[in-house]
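A.B. asks: Have a look; sequence and predicted model below, questions after that.
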Amino acid sequence: MRRQIPLFITFFVGTLLILSVFIPPMETLGEDFTLFFDIIAVFAFFLGGGNLVRVHITKLIKRKPDWGFSVVTLVGFAFVLIVGLFKIGNPGDIASSVTAEGSWFQESFNYILNPLQSTMYALLAFFVASASYRAFRAKNREATILLVAAFVILLGRTPFGMALTSWIPESLSIFQIPNLAIWIMNSPNLAGQRAIMIGIGLGVVSMSLRLILGIERTYLGDDRA
Amino acid sequence: MSFHIAFLLLSVSLIVPSPSAQDEVADSVAVSDSALVVAAPPTSVIASEHEYDDGEALDLSWVPSIDDQLVGGLVIAYRVYRSTNGGELEMIEELIPGANQFTSGELSSDSSYSYVVAAVTTSGEFASNATAPLSPETEWLNYEKKWLFLIGLLIAGAVMYFIETARKGKKLFVRKIAGLEAIDDAVGRATEMGRSILFIPGIQDMDDVQTLAGLTILGRIAGTIAEYDTKLFMPVSRSLVMTAARETIKASFQTAGRPDKYSDDMVSYVTDEQFGYVAHVDGIMVREKPATVFLLGAFFAESLILAETGNSIGAIQIAGTARPAQLPFFIAACDFTLIGEELFAASAYLSNEPRALGSLKGQDVGKALAMIVIVIGVLAATIASAWQVESMQSIVDTLNSVFSTN
């Protein structure tokens, strides 16, 4: 029964949502079920938050390696939770919005969390450079084609690319580097992406049918798929 | 507002009945105030049934006022008024000049509605005739999606046919997927090195099919991990994923006969924040130096940050996602990448269960259909364009109408 009820719910909801695409009176069902999901997710959030606190308190008590990070995590967690729940430092009264400009909650978001997130995001620039360096090494034929295509696109997106090939007559303008870059992006690149998208679409249909029909149930903690 | 409605009603009663009455009002206004801006009202206002809805909307269309012009136009807006069951008119929308249609929503099929559209000038409003009362009707089938239905039915039918065929014992060929073949080696390597395995299921919740695909693969991998007695660590960014992943791993350990080796600490919730999660996972990678990293699920901008960090510590990395924009990053930074559909096929492939493998075979029918349609479409479009053949153009148009989505 522990397995059959979730399987029945999956089958019932999955079938209803497929039908809702084609039956107008049922078209809001997707939004309704999303609401149910959000309600369940709220309860699960307590589990997540509880787990976070438990893991870091254990680490702190047992003085495991790098326990200092746990102190930062716990202090940050407690600070945001208390400031947010009790609206400490809010410019207005308790009825005002927790995200009101000038509130401690909003200020900690603006001046601590946001810059930290931006810092992590900025790392991407360096990682793109290191990954490109590896990917564009002309080790074999495919990698050489990739290198040439990447070089044309990079050059085509700069004024230098235009300056290099501006002498090519209008009748042969396709060979101007910016136009070549556009062609690579719009034709071979887009064709490849669409092929992948078609495969993904079919994969989703197949996976969804396996879930709805109960053939795939590993995610329920049932290994007898 | 009350002034506007009064003016509007006055306009409807005086301007609308006959052209002569309209002229009369305009003339009298022009005499009394030379600064008054008078415009012709919109004409041919038609209310019609909104197609394929739940009886909640009506479509409205009209011919804009002749004084609504780009250069020197008098109309500054259009206002749509609605009367419910013959009651008072109430304004429901203000639209920009040039507008000639509007969909009126949040209606009930039990009521009837009539509409008036007024051209607004700096001096007031000039209203159209009221439309005849109309009630929206519920439609039970969306015929606009008939092709989607038929194609979906064909593919789903093929998938189910092959599931049934496989269930009856027919052997089905499934090509080798390098990334999945490497899973045992990757887990074995971590075991030999005495280091941990890191599994990252993406940053989306359980309502994303990629997360589900990631967890189904986790179920298979966890079985091998249990057999090899390797350390598994799985930080997640969603609470529900944490709960589901724990259940999945626990079941796999039980199936492998090693329930004692399972611990809830294998899966831990970090944060819902995208880059907070990335910082935590990168920290684990750098400090713990796992021998194997699995990145299977839905990824966004964090994909390359995670994969490059994993690469920098020398871990074997097996990644998979159905987001085409992130695939190049995984291909550049990981040892094996499951591209798109391979992520969804992985669980069936690893289980070797006939019904699951049959579902993969069913996908091939969809691919064959796509290939045939693409070849026909490309040929027809090329011939139609090069030699102006009308019949070929009609084939292109038909294919467009069948396969375009809206």
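C.D. replies: That came in fine, so what should we check first? Residues are numbered from 1 along each chain as shown, chains lettered A, B, ... in the order given.

A.B. asks: Am I right that B:Met234 sits in a strand?
C.D. replies: Yes: according to DSSP: H, G, I helix; E, B strand; the rest coil, B:Met234 belongs to a strand.

A.B. asks: Helices of chain B, residue ranges please.
C.D. replies: For chain B, helices defined by DSSP state H occupy the ranges B:2-14, B:19-32, B:146-167, B:178-181, B:183-193, B:209-228, B:239-255, B:274-288, B:302-312, B:327-333, B:341-351, B:354-387, B:390-403.

A.B. asks: Report all helices and strands that the last one contacts.
C.D. replies: So the one you mean is helix B:390-403. Where contact means 3 or more C-beta pairs under 8 Å, 6 or more residues apart in numbering or on different chains; DSSP states H and E, helix B:390-403 is packed against helix B:146-167, helix B:354-387. C-beta coordinates here come from the backbone N, C-alpha and C atoms, glycine included.

A.B. asks: Off-centre distance for the last one?
C.D. replies: Pointing back at helix B:354-387 there. 23 Å (C-alpha atoms, centre = their mean, to the nearest Å).

A.B. asks: what is the rounded mean pLDDT of that helix?
C.D. replies: Here helix B:354-387 scores 92 as its mean pLDDT.

A.B. asks: Also stretch A:39-47?
C.D. replies: For stretch A:39-47, the per-residue pLDDT averages 88.

A.B. asks: List the buried residues of it.
C.D. replies: A:41, A:44 (16 or more other C-beta atoms under 10 Å in any protein chain shown).

A.B. asks: And stretch B:43-50, by the same measure?
C.D. replies: So, applying 16+ other C-beta under 10 Å, buried residues of stretch B:43-50: B:45, B:47, B:50.

A.B. asks: which residue sits closest to the residue most central in space within chain A, ignoring its sequence neighbours?
C.D. replies: The centroid of chain A falls nearest to A:Tyr121 when counting by C-alpha atoms, centre = their mean (12.8 Å). Of all residues not flanking A:Tyr121 in the chain, B:Phe275 sits nearest, at 5.9 Å (C-beta to C-beta, 6 or more residues apart in numbering or on different chains).

A.B. asks: In the chain, where is pLDDT below threshold?
C.D. replies: Just going to use chain A. Within chain A, the ranges that satisfy pLDDT under 70 run A:221-225.

A.B. asks: Chain B was what I was after
C.D. replies: B:1-35, B:405-406.

A.B. asks: rerun that using 50 as the cut-off
C.D. replies: In the predicted model of chain B, residues B:1-33 satisfy pLDDT under 50.

A.B. asks: quick check: domain ranges of it?
C.D. replies: B:2-127, B:183-334 (automatic domain parsing).

A.B. asks: Can you say which of the ones you listed is nearest to B:Asp397?
C.D. replies: domain B:2-127 (20.5 Å; C-beta to C-beta).

A.B. asks: when you scan the closest one, is anything in it near chain A?
C.D. replies: Yes: judged by C-beta under 8 Å from any C-beta of the partner chain, domain B:2-127 and chain A are in contact via B:52-55.

A.B. asks: and B:Met242, how many neighbours does it have?
C.D. replies: Residue crowding around B:Met242 was assessed by other C-beta atoms under 10 Å in any protein chain shown; the count is 24.

A.B. asks: Doesn't A:Ile94 lie inside a strand?
C.D. replies: No: counting by three-state DSSP, one finds A:Ile94 to be coil, located in no strand.

A.B. asks: burial measure for the closest residue to it other than its chain neighbours, as a count.
C.D. replies: Nearest residue to A:Ile94 in three dimensions, chain neighbours excluded: A:Lys87, at 5.5 Å (C-beta to C-beta, 6+ apart). A:Lys87: 20 surrounding residues under other C-beta under 10 Å.

A.B. asks: do B:Ile221 as well
C.D. replies: B:Ile221: 25 surrounding residues under other C-beta under 10 Å.

A.B. asks: Make sure it is actually in contact with B:Ile183.
C.D. replies: Yes: between B:Ile221 and B:Ile183 there is a contact under C-beta atoms under 8 Å: 6.1 Å.

A.B. asks: what's the angle from the longest helix along chain A to strand B:232-236?
C.D. replies: Using DSSP H, we find that the single longest helix of chain A is helix A:29-61. Relative orientation of helix A:29-61 versus strand B:232-236 (axes from the mean of the first three to the mean of the last three C-alpha atoms, to 10 degrees): 120 degrees.

A.B. asks: if we can go back for a sec, can you check which of the helices and strands packed on helix B:390-403 gets nearest to chain A?
C.D. replies: With distances scored as C-beta to the nearest C-beta, the stretch of the helices and strands packed on helix B:390-403 nearest to chain A is helix B:354-387 (4.3 Å).

A.B. asks: can you give me the angle the closest one makes with helix B:146-167?
C.D. replies: 140 degrees.

A.B. asks: does chain A sit close to helix B:354-387?
C.D. replies: Yes: residues of helix B:354-387 contacting chain A under C-beta under 8 Å from any C-beta: B:355-356, B:359-360, B:362-363, B:366-367, B:370.

A.B. asks: Now the buried members of those residues.
C.D. replies: B:355-356, B:359-360, B:362-363, B:366, B:370.
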